[in-house]
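In: Here is my input; please provide its structure:
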Amino acid sequence: MSPLRLPWRRRAQPPGDLACQELVELVTDYLEGALPERDRARFEEHVSMCEGCAAYVEQLRQTLSVLGRLEPEDLSPEAERELLDAFRQWKREEQSDGPS
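Out: Down below sits the predicted model:
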C-alpha cells in the first residue's frame, strides 16, 4: 500500500461546496457512519468528483481494514518502536508547522 497522500495539496479548486481539507477532517466520522445526512451528501458528492479525495478515502478504508485485523502481539518490538518513532516525528513536525 502506498503512503497516504493528502488530496488538497494537489487541487487548487475543490469541487462542490466541500473543500478537500474539510473532507479530510470529516473522513473518520464518514467512515464510522457518524456524519449528519447533509454532510454525508456533501462528502459523497465531493468524493464522486475529486479523484484525489476518492483515492484518500479508499486508502483509509484499506488501512482500517488491515488495522482491524492486527493484534498487538502481531507487532514485533522493532516494528512497534519504528511506528512510535514515526508518530513522534510526525507530532514534532506538526507542532513546528503550527501557528507561532
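In: other SSEs contacting the longest helix along the chain?
Out: Ranked by number of residues, the top helix in the chain under DSSP state H is helix 77-97. Taking 3 or more CB pairs under 8 Å, 6 or more residues apart in numbering; DSSP states H and E as the contact definition, helix 77-97 has no neighbouring helices or strands. Any C-beta I mention is one placed from the backbone N, CA and C, and that applies to glycine too.
In: Going by neighbour count, which residues of that helix are buried?
Out: Buried positions in helix 77-97, judged by neighbour count with 16 or more other CB atoms under 10 Å: none.
In: Show residues contacting it.
Out: Contact partners of helix 77-97, identified using CB atoms under 8 Å, 6 or more residues apart in numbering, comprise Leu75.
In: Keeping just the C-alphas, turn it into CSV.
Out: What follows is helix 77-97, C-alpha atoms only, in CSV (Å, rounded to 0.1, in the frame of the first residue of the first chain):
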residue,chain,number,x,y,z
PRO,A,77,9.0,-4.9,19.3
GLU,A,78,11.1,-3.4,16.5
ALA,A,79,8.0,-2.6,14.4
GLU,A,80,6.3,-1.1,17.4
ARG,A,81,9.4,1.1,18.1
GLU,A,82,9.5,2.2,14.5
LEU,A,83,5.8,3.1,14.5
LEU,A,84,6.1,5.1,17.7
ASP,A,85,9.2,6.9,16.4
ALA,A,86,7.4,7.8,13.2
PHE,A,87,4.4,9.1,15.2
ARG,A,88,6.6,11.1,17.5
GLN,A,89,8.5,12.6,14.4
TRP,A,90,5.1,13.5,12.8
LYS,A,91,3.9,15.2,16.0
ARG,A,92,7.2,17.2,16.2
GLU,A,93,6.7,18.3,12.6
GLU,A,94,3.1,19.2,13.2
GLN,A,95,4.0,21.3,16.2
SER,A,96,6.8,23.1,14.4
ASP,A,97,4.5,23.8,11.4
